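Q: this one's sequence-less:
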């Protein structure tokens with residue numbers, strides 16, 4: 001018997017989908033009675049919604065209410081790798097992996113009891129093209145940090161320019177662009193390039 005090797009998968013978020021008879025009534029209950037906030041509505045007319053409580057988000061979907069009719073949605077770093085693992089491992093796939101109009105690439109399986117489990121990752125290049133113009137900026141980086149940046153861009157299949165733009169955009173939003181597995185990879189790159197200073201090290205750089 002061949003033993004399959006689990007790909008390097010991380011899961012930082014999961015979402016539960018609850019079937020509701022009337023979407024607006026359900027939203028009103030969760031918002032006014034339970035203290036949730038409305039994140040979004042989806043569809044024309046709306047048949048799907050996301051509501052949040054703190055950092056936890058659940059979905060409401062118009063369907064026949066039933067205690068066990070919901071779906072558990074796992075947001076992972078690489079749905080394609082996990083899909084191949086599940087498919088090869090004989091898991092029942094009930095919805096093939098594909099890019100969805102809601103900017104998620106996902107697929108669905110059933111467990112031993114028939115519960116629907118959805119695994120997906122965000123698609124960041126969905127939407128109309130953004131017309132830009134690039135300019136040359138005089139940038140000088142510490143040698144070891146420049147080596148890490150080059151390796152990181154290669155790891156993420158990006159150009160150095162795009163990698164810097166992504167980091168800058170996320171930094172300006174107050175969040176980081178890297179998944180846990182990428183952060184682990186960065187730690188290895190820091191060792192590879194001999195980076196022995198912390199994130200504030202640039203304040204002490206001298207030439």
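A: Thanks, I have it. Only a predicted model underlies this, so the values are computations on that prediction, with no experimental measurement involved.
Q: which residues in this structure form strands?
A: 11-20, 37-42, 48-53, 56-62, 71-76, 92-99, 104-110, 116-122 (DSSP state E).
Q: go through the helix or strand of the chain with the lowest mean pLDDT and flag the buried ones.
A: Every helix and strand of the chain was ranked by mean pLDDT, DSSP states H and E. The lowest is strand 11-20, at a mean of 83. Under the neighbour-count criterion of 16 or more other Cβ atoms under 10 Å, strand 11-20 has 14-15, 17-20 buried. Yep, even glycine has a C-beta here, placed from its N, CA and C like the rest.
Q: let me see the domain layout of the protein.
A: 11-122, 143-201 (automatic domain parsing).
Q: looking at those, which is buried most?
A: domain 11-122 (a mean of 15; mean count of other Cβ atoms under 10 Å).
Q: any stretches of this protein with poor pLDDT?
A: Within the chain, the stretches with pLDDT under 70 are 1-2, 67-68, 112-113.
Q: now the helices for it?
A: 23-28, 79-88, 143-155, 160-172, 180-192 (DSSP state H).
Q: export those helices as CSV, with columns for distance to residue 109.
A: Listed next are those as CSV, based on distance: least, Cβ to Cβ, whole Å:
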stretch, distance to residue 109
helix 23-28, 26
helix 79-88, 6
helix 143-155, 29
helix 160-172, 31
helix 180-192, 22
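Q: how about the domains of the chain in JSON lines, adding distance to residue 137?
A: Listed next are these as JSON lines, based on distance: least, Cβ to Cβ, whole Å:
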{"stretch": "domain 11-122", "distance to residue 137": "29"}
{"stretch": "domain 143-201", "distance to residue 137": "9"}
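Q: do I have it right that residue 30 meets residue 60?
A: Yes. Using Cβ atoms under 8 Å, residue 30 is in contact with residue 60, at 7.4 Å.
Q: mind listing the shared neighbours of these two?
A: Common contacts of residue 30 and residue 60 (Cβ atoms under 8 Å, 6 or more residues apart in numbering): residue 51.
Q: thinking again about what came up before, so which of the strands of the chain gets nearest residue 198?
A: strand 11-20 (23.8 Å; Cβ to Cβ).
Q: now that closest one, how far from the centre of its chain.
A: Its chain's average C-alpha position is 14 Å from that of strand 11-20, according to Cα atoms, centre = their mean, to the nearest Å.
Q: which residues are in contact with it?
A: Outside strand 11-20, the residues that reach it (Cβ under 8 Å, 6+ apart) are 26, 50, 57-66, 69-77, 118, 179-180.
Q: over to stretch 165-177?
A: With Cβ under 8 Å, 6+ apart, stretch 165-177 has contacts from 158, 183.
Q: next one: stretch 181-201
A: Here stretch 181-201 has contacts from 8, 10, 77, 144-145, 147-148, 151-152, 155-156, 176, 178, 204, using Cβ under 8 Å, 6+ apart.
Q: switch to 7 Å and redo it
A: Residues outside stretch 181-201 that contact it (Cβ atoms under 7 Å, 6 or more residues apart in numbering) are 8, 10, 77, 144-145, 147-148, 151-152, 155, 178.
Q: again, but for stretch 64-73
A: Residues outside stretch 64-73 that contact it (Cβ under 7 Å, 6+ apart) are 14-21, 63, 116-118, 120.
Q: measure stretch 100-118 end to end?
A: 13 Å (Cα to Cα, to the nearest Å).
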